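A.B. asks: Sharing a model that was predicted from the sequence below.
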Amino acid sequence: MSFKKIIALSLNPALDITVNTDHFVLGEENYVINEQYDPTGKAVNAARVFRRFDLPVEIVMLIGEYNSQRILTRLEREGIPVEAVMVPGFTRENITVCSGGIAPTRIIRPGFVVDEIHISKIKQALMAAMSEKSLIIVSGKLPEGISPQRFASLCKFIEEKNMPLVLDCSSVSLEQIEIIRPWLIKPNEDEFRKFTGMGCDSNEEIVKGIKILHDAGVRHVILSLGARGLIHSDSKSIIRAEVPNIELISPVGAGDSCLAGFITGVYNGNDRASTVRLAAALGTAACLSEGTAPPKSMTVVSMSESIRLTEEKL
């Protein structure tokens with residue numbers, strides 16, 4: 001399968017704010033030494049990886065108009081074009097307070113509420129962004145106002161445009177997956193269990209669950225197994241990628257990097273084994289740094305050499 005452009009649909013982006021203090025004391029004034037702002041959300045994270053690898057990507061997003069500029073300015077600085085649909089309210093914010101010697105404190109601010117007019121506008125933005133050979137990634141949490149049924153309807157709208165759809169979202173059911181028929185789906189272990197009723201403790205269960213997803217119309221399945229690596233299935237065989245033991249710093253964004261790695265391999269015309277290896281290497285490399293910035297190329301190359309692949313018929 002070939003495509004010339006990637007569209008990352010972000011329905012619920014976020015702004016990660018990390019502030020550092022010398023010594024955080026509850027109930028007292030605490031002065032910030034430095035702070036960092038990162039645009040995030042699963043689709044945004046993947047888009048930033050694509051940009052790192054010089055792939056043609058555009059983000060179509062809903063965004064809260066009251067604090068939109070920090071996200072849009074950062075993405076513009078990184079050279080990622082954005083088609084933004086403004087929604088009254090705030091984009092959700094994840095505030096992390098870091099202080100030496102104590103565990104970080106997280107403060108989560110809620111985001112905007114979506115109504116029908118914003119869904120119509122996002123469809124218009126998608127139509128404007130689509131080219132003849134576009135691949136659409138839909139991933140991340142759903143904002144308030146978009147029910148799983150509305151979300152499935154939006155995905156079906158994309159599928160009817162004959163654009164390959166990549167789905168990385170826990171808010172759908174197996175019945176909705178059968179309607180959407182995504183080209184690729186990337187569940188983690190909990191999502192895999194929700195979609196198929198199968199666990200990931202035995203190879204037999206995994207194979208049964210993967211077959212259920214293929215029977216639902218999914219062409220490619222990437223099952224993320226955390227420290228155990230990942231499994232890719234194309235309905236004919238499965239490739240298992242075993243990853244090396246690492247000193248985990250943060251798993252945030254690892255799944256998004258993994259997905260971006262697989263799509264990057266497909267875009268570049270790599271063979272299947274090389275594509276799976278890149279996905280596993282990117283996902284693992286993302287665990288070696290804090291935040292959601294894409295892993296460095298040299299780290300990915302080094303990690304690739306330690307990935308072990310095995311293949312078996314499905």
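C.D. replies: Looks like it arrived, so ask away.
A.B. asks: Could you use CA atoms for every contact and neighbour count after this?
C.D. replies: Noted.
A.B. asks: Give me the pLDDT value at the nearest residue to residue 22 once chain neighbours are set aside.
C.D. replies: The spatial neighbour of residue 22 that comes closest, neighbours along the chain excluded (CA to CA, 6 or more residues apart in numbering), is residue 99 at 5.8 Å. pLDDT for residue 99: 85.
A.B. asks: who are the neighbours in contact with residue 99?
C.D. replies: Residues counted as contacts of residue 99 (CA atoms under 8 Å, 6 or more residues apart in numbering) are 20-24.
A.B. asks: what do you get for residue 107?
C.D. replies: With CA under 8 Å, 6+ apart as the criterion, the residues that contact residue 107 are 94-96.
A.B. asks: from the residues you listed, which is closest to residue 12?
C.D. replies: Set against residue 12, the nearest of these by CA to CA is residue 94 (12.6 Å).
A.B. asks: Now do the closest one against residue 105, distance only.
C.D. replies: When distances are taken as CA to CA, to the nearest Å, residue 94 and residue 105 turn out to be 10 Å apart.
A.B. asks: Please state the offset of whatever helix or strand residue 126 lives in from the chain centre?
C.D. replies: With the criterion set as DSSP states H and E, the secondary-structure element containing residue 126 is helix 116-129. Relative to the mean C-alpha coordinate of its chain, helix 116-129 is positioned 21 Å out (CA atoms, centre = their mean, to the nearest Å).
A.B. asks: so for the next helix or strand after that helix, what's the average pLDDT?
C.D. replies: For helix 116-129, the following helix or strand on the C-terminal side (DSSP H and E) is strand 134-139. For strand 134-139, mean pLDDT is 95.
A.B. asks: now swap in stretch 76-90 and tell me
C.D. replies: pLDDT averaged over stretch 76-90 equals 96, rounded to a whole number.
A.B. asks: Pull the distance from that stretch to the chain's centre.
C.D. replies: The gap between where stretch 76-90 is centred and where its chain is centred comes out at 17 Å by CA atoms, centre = their mean.
A.B. asks: And the contacts of that stretch?
C.D. replies: Outside of stretch 76-90, the residues that reach it under the criterion CA under 8 Å, 6+ apart are 47-48, 51, 57-68, 72, 75, 110-114, 118, 121-122, 125, 129.
A.B. asks: repeat that for 7 Å
C.D. replies: Stretch 76-90 is touched from outside by 51, 57-67, 111-112, 121-122, 125, with contacts defined as CA atoms under 7 Å, 6 or more residues apart in numbering.
A.B. asks: go on, stretch 19-26?
C.D. replies: Outside stretch 19-26, the residues within contact range by CA under 7 Å, 6+ apart are 30-36, 96-100.
A.B. asks: same check, this time on stretch 306-314
C.D. replies: Outside of stretch 306-314, the residues that reach it under the criterion CA under 7 Å, 6+ apart are 207, 235-244, 277, 281.
A.B. asks: returning to what we had before: list only buried entries from the contacts of stretch 76-90.
C.D. replies: Among the contacts of stretch 76-90, those classed as buried by neighbour count (16 or more other CA atoms under 10 Å) are 51, 57-65, 111-112, 122, 125.
A.B. asks: What is the most widely separated pair among those residues?
C.D. replies: It's 51 and 112 that sit farthest apart of the buried ones among the contacts of stretch 76-90, by CA to CA, at 27.0 Å.
A.B. asks: Can you tell me the element the closest residue to residue 173 other than its chain neighbours falls in?
C.D. replies: Of all residues beyond its chain neighbours, the one nearest residue 173 is residue 195 (6.0 Å), with distances taken as CA to CA, 6+ apart. Under the criterion of DSSP H and E, residue 195 resides in helix 189-196.
A.B. asks: Residue 211 now?
C.D. replies: Using DSSP H and E, residue 211 sits within helix 203-215.
A.B. asks: got the angle between that helix and helix 189-196?
C.D. replies: What separates the directions of helix 203-215 and helix 189-196 is an angle of 60 degrees, with axes from the mean of the first three to the mean of the last three CA atoms, to 10 degrees.
A.B. asks: Can you give me the neighbour number for residue 120?
C.D. replies: A total of 12 residues lie near residue 120 under the criterion other CA atoms under 10 Å.
A.B. asks: swap in residue 199?
C.D. replies: For residue 199, the tally of surrounding residues (other CA under 10 Å) stands at 18.
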